[in-house]
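*Asks:* Sequence and predicted structure below; questions after.
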Amino acid sequence: MKDPARQLLPLLAIVLTAAAAVAFAGGDAGVGVPAGLPGVQPLAMIAIHMASLELDSSACIKASPNLLGLQKDDTEWVKVELKSPKPSSDDWVGVFSPANFNASTCPTEVGNSREQQPLICSSPIKYQFANYSNAEYIKTGKTTLRFQMVNQRSDFSFALFRGGLANPKLIAVSNTVYFANPKAPLYPRLAQGKLWNEMTITWTSGYNIDESLPFVEWGPNDGHQTRSPAGTLTFSRNDMCGSPARTFGWRHPGYIHTSFLKELWPNTMYTYKLGHQLFNGSYVWSKAYSFRASPYPGQDSLQRVIIFGDMGKAERDGSNEFNNYQPGSLNTTDQLIKDLDNIDIVFHIGDITYANGYLSQWDQFTSQIEPISSAVPYMIASGNHERDWPNTGSFYDTMDSGGECGVLAETMFYVPADNRAKFWYSTDFGMFRFCIADTEHDWRKGTEQYKFIEHCLSTADRQKQPWLIFLAHRVLGYSSDFWYAKEGTFAEPMGRESLEHLWQKYRVDIALFGHVHNYERTCPIYQSQCVNNQESNYVGTMNGTIHVVVGGGGCHLSEFSNVQTAWSLYKDYDHGFVKLTAFNHSSLLFEYKKSSNGRVYDSFTISREYKDVLACVHDSCSPTTLAS
């Protein structure tokens, strides 16, 4: 085997673009946050383009075991032992995949005029400081780190750097570590299809269509199993819109497969396995999973919905620490897994992974949520960190997506939209009608999306689906966020100007938003005025829509304004999520739970009859006549 450190010597690469150099996290509350402050993707804090080679024969780094996944696990812990002759508090270990991060493997960037080419042109997929678990490292120069690795279709190596994140100097590279079956089908994501009795299953593998035929084997529990074919998608570096996604954040996404399971019986439990038939006649299988089919629209039964935004991913091994970037992500994930038997569907309303152009993070995110997304539909909305990039048709001319410009979200997850590049859609679930908007495209009156929103709201059959819910990423309703208050809008500028009369006209029960990383609930409100003086038990006609900010899924928290608004009933500067429980057509329970302990900290109930939904309130009914 060649010495992996010597493979780093060729100096052909691409450069750090100005966009990535700024490394903005994006306007979660209207402004960008520069690199080095809370809110920046941790990998963006590494000046990988500045890496230099200072191999030290006295330094050593070794990873074990070499071979992972022998028990068919897709996640495994690796022990990394290291020794440095000149230990320092800013020494760190980067995990690279593929293991050969030789700069000569990088494409040449057109128009590059820099004389000094970078040594390394691919970002690590995670990192830890050498003294993370052993303060004595600075004295002894020896320590052991533990990394949790997920199967990402390629091998791994571990590199020891000195000089900190800003001026990394490579001093040693480990042996190669790899999974026994790196191409295995992994991380299933369920989603509602376009019909109520259709479930879609999306997963990732290393098999393209010239290597295998992807499919799902499925059927009722203890019943006949059938096979449904899957389509295959992928994308290239050229599909990215800018750096880092197009440059040192690029990593091949693998192949994303989607199968459509049709004509499901309502409420029936199904089992399924992901499969690939190789062209040599052999099969590669995933482990077995199960899900419950959706209820029939209008069905009177217990139905439980989880809603949150802005969760992102975090590392159980402590990697990427000291950044406080997504401190609540694992807590939210773990609370949902703990309560999974009491959850029927999940809505993650934007800012999914916060990969921000570092594509490796999407595999790690889908691995993190797999216990949830493999068992219940995991529906997403588009946020600024998925879509926004200048001159790409985004409503906001920011760099928040890190050059992804929607490609990752649109490919990695299925939503029942007519055009996934326009990420608005509706879905029916039992007694619920959900209208999901895309705030990264224009929603104002006269636009294509505005017409969709009105159609979605107006076609809800409130006798069968009494609970009408509006979801979007940016706050188009009401928020006491510091920046929104400073702008004087208490919402996204132009947010509710076109839509509030639609929410009122079609009697939307609850509108929920992310983007602002905290929790806030309003009274039933219309045109900035509370239209109901009840706070926790709403009986009969409600007169207006309750607005909820639930953007505390896991990312760094957002400050509230000191302005005390009359319409704000409950605020919480913490991570959490919302659970809606429909007991029947006339009784709905709303709960806000903290991610830290799963306890309820805010709640209300809605109790009403069908006649209350039909009752006219201000601006909700057409003029009438007494003519006979």
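*Replies:* Happy to help now that I have it.
*Asks:* quick one: the helices in the stretch 451-600 of the chain?
*Replies:* Counting by DSSP state H, counting those that start in this stretch, the stretch 451-600 of the chain has helices at residues 482-487, 500-505.
*Asks:* An error on my part: the question was meant for the chain.
*Replies:* Per DSSP state H, the chain carries helices over the ranges 18-22, 137-140, 329-338, 360-373, 384-387, 407-412, 448-458, 482-487, 500-505, 610-614.
*Asks:* who wins for proximity to residue 473 among those helices?
*Replies:* Set against residue 473 and scored by C-beta to C-beta, the helices of the chain come closest in helix 384-387, at 7.1 Å. Using the backbone N, CA and C atoms, a C-beta is placed for each residue, glycine as well.
*Asks:* would you list the helices of the stretch 451-600 of the chain in a markdown table and tack on distance to residue 45, mean neighbour count and mean pLDDT?
*Replies:* Formatted as a markdown table, the helices of the stretch 451-600 of the chain follow (distance: least, C-beta to C-beta, whole Å; neighbours: other C-beta atoms under 10 Å; pLDDT from 0 to 100):
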| stretch | distance to residue 45 | mean neighbour count | mean pLDDT |
| --- | --- | --- | --- |
| helix 482-487 | 23 | 18 | 94 |
| helix 500-505 | 40 | 20 | 97 |
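*Asks:* of all those, which lies closest to residue 101?
*Replies:* helix 482-487 (38.8 Å).
*Asks:* Which elements pack onto the closest one?
*Replies:* On a contact count with 3 or more C-beta pairs under 8 Å, 6 or more residues apart in numbering; DSSP states H and E, helix 482-487 meets no helix or strand.
*Asks:* Show me how far it is from its chain's centre.
*Replies:* 26 Å (C-alpha atoms, centre = their mean, to the nearest Å).
*Asks:* And stretch 96-103, by the same measure?
*Replies:* 26 Å.
*Asks:* Buried residues in that stretch, which are they?
*Replies:* Neighbour-count burial for stretch 96-103, with 16 or more other C-beta atoms under 10 Å as criterion, is recorded at 96-103.
*Asks:* Same question for stretch 254-265.
*Replies:* Buried, per 16+ other C-beta under 10 Å, within stretch 254-265: 254-261, 264.
*Asks:* can you put those residues in TSV and add distance to residue 619 and pLDDT?
*Replies:* Output for these, formatted as TSV (distance: C-beta to C-beta, whole Å; pLDDT from 0 to 100):
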residue	distance to residue 619	pLDDT
254	50	98
255	50	98
256	44	98
257	47	98
258	41	98
259	45	98
260	41	98
261	42	98
264	40	98
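*Asks:* Dump those residues into TSV; add distance to residue 155 as well.
*Replies:* As requested, these are exported to TSV (distance: C-beta to C-beta, whole Å):
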residue	distance to residue 155
254	14
255	18
256	21
257	23
258	27
259	29
260	34
261	34
264	39
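*Asks:* of those, closest to residue 314?
*Replies:* Ranked by distance to residue 314 (C-beta to C-beta), these are led by residue 254 at 22.0 Å.
*Asks:* ok, that closest one touching residue 211?
*Replies:* No: using C-beta atoms under 8 Å, residue 254 makes no contact with residue 211, being 11.9 Å away.
*Asks:* can you list residues touching both of the two?
*Replies:* With C-beta atoms under 8 Å, 6 or more residues apart in numbering applied, the contact sets of residue 254 and residue 211 do not overlap.
*Asks:* Looking at the buried residues of stretch 96-103, spot the one nearest residue 406.
*Replies:* Nearest member of the buried residues of stretch 96-103 to residue 406, counting by C-beta to C-beta, is residue 97, at 24.4 Å.
*Asks:* Local confidence estimate at the closest one?
*Replies:* According to the prediction, residue 97 has pLDDT 97.
*Asks:* Contact partners for it?
*Replies:* Contacts of residue 97 by C-beta under 8 Å, 6+ apart are 125, 152, 154-157, 251, 360.
*Asks:* what about 6 Å?
*Replies:* For residue 97, the contacting residues are 125, 152, 154, 156, by C-beta atoms under 6 Å, 6 or more residues apart in numbering.
*Asks:* likewise residue 402?
*Replies:* Residues near residue 402 by C-beta under 6 Å, 6+ apart: 244-245, 356-357.
*Asks:* what do you get for residue 354?
*Replies:* Counting by C-beta under 6 Å, 6+ apart, residue 354 has contacts 312, 385.
*Asks:* Which members of the buried residues of stretch 254-265 occur in strands, if any?
*Replies:* Using DSSP state E, the subset of the buried residues of stretch 254-265 located in strands is 255-261.
*Asks:* could I get those residues as JSON lines with distance to residue 385?
*Replies:* JSON lines is the format used below for these (distance: C-beta to C-beta, whole Å):
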{"residue": "255", "distance to residue 385": "24"}
{"residue": "256", "distance to residue 385": "19"}
{"residue": "257", "distance to residue 385": "25"}
{"residue": "258", "distance to residue 385": "23"}
{"residue": "259", "distance to residue 385": "28"}
{"residue": "260", "distance to residue 385": "28"}
{"residue": "261", "distance to residue 385": "30"}
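*Asks:* what's the closest of the contacts of residue 402 to residue 398?
*Replies:* residue 356 (11.5 Å).
*Asks:* count of residues packed around residue 134?
*Replies:* For residue 134, the count of nearby residues is 14 (other C-beta atoms under 10 Å).
*Asks:* Show the contacting residues for it.
*Replies:* Contacts of residue 134 (C-beta under 6 Å, 6+ apart): residue 143.
*Asks:* any idea how far it lies from residue 141?
*Replies:* To residue 141, residue 134 is 11 Å away according to C-beta to C-beta, to the nearest Å.
*Asks:* what's the neighbour count on residue 79?
*Replies:* Residue 79: 12 neighbours (other C-beta under 10 Å).
*Asks:* Next, work out how far apart it and residue 163 are.
*Replies:* Distance from residue 79 to residue 163, by C-beta to C-beta: 25 Å.
*Asks:* for residue 543, same thing?
*Replies:* From residue 543 to residue 163 the distance is 62 Å (C-beta to C-beta).
*Asks:* hang on, residue 260 packs against residue 200?
*Replies:* Yes: at 5.5 Å, residue 260 and residue 200 qualify as touching, with contact defined as C-beta atoms under 6 Å.
*Asks:* Touching both of those two, which residues are there?
*Replies:* Taking C-beta under 6 Å, 6+ apart as the contact rule, residue 260 and residue 200 both touch residue 193.
*Asks:* Kindly check the end-to-end length of stretch 55-69 for me.
*Replies:* 31 Å (C-alpha to C-alpha, to the nearest Å).
*Asks:* ok, and the closest non-adjacent residue to residue 74?
*Replies:* Nearest non-adjacent residue to residue 74, counting by C-beta to C-beta, 6 or more residues apart in numbering: residue 151, 4.3 Å away.
*Asks:* ok, now residue 182?
*Replies:* That would be residue 153: by C-beta to C-beta, 6+ apart, it lies 5.1 Å from residue 182.
*Asks:* dump the residue contacts of the residue sitting nearest the centre point of the chain.
*Replies:* Centroid-nearest residue in the chain, with C-alpha atoms, centre = their mean: residue 352, separated by 1.7 Å. With contact set as C-beta under 6 Å, 6+ apart, residue 352 has these partners: residue 380.
*Asks:* One more pass at 7 Å, please.
*Replies:* 365, 380, 383, 386, 409 (C-beta atoms under 7 Å, 6 or more residues apart in numbering).
*Asks:* want to throw those into CSV with pLDDT?
*Replies:* Below are the contacts of residue 352 laid out as CSV (pLDDT from 0 to 100):
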residue, pLDDT
365, 97
380, 98
383, 97
386, 97
409, 98
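*Asks:* Just flag the most distant two among the residues you listed.
*Replies:* 365 and 383 (13.4 Å).
*Asks:* between those two, who's got more neighbours?
*Replies:* Per other C-beta under 10 Å, whichever of residue 365 and residue 383 has more neighbours is residue 383, with 31 against 24.
*Asks:* Report the contact partners of the closest residue to the more buried one other than its chain neighbours.
*Replies:* Nearest residue to residue 383, sequence neighbours excluded (C-beta to C-beta, 6+ apart): residue 350, at 2.7 Å. Contact analysis of residue 350 by C-beta under 7 Å, 6+ apart lists 309-310, 381-383, 386, 473, 514-515.
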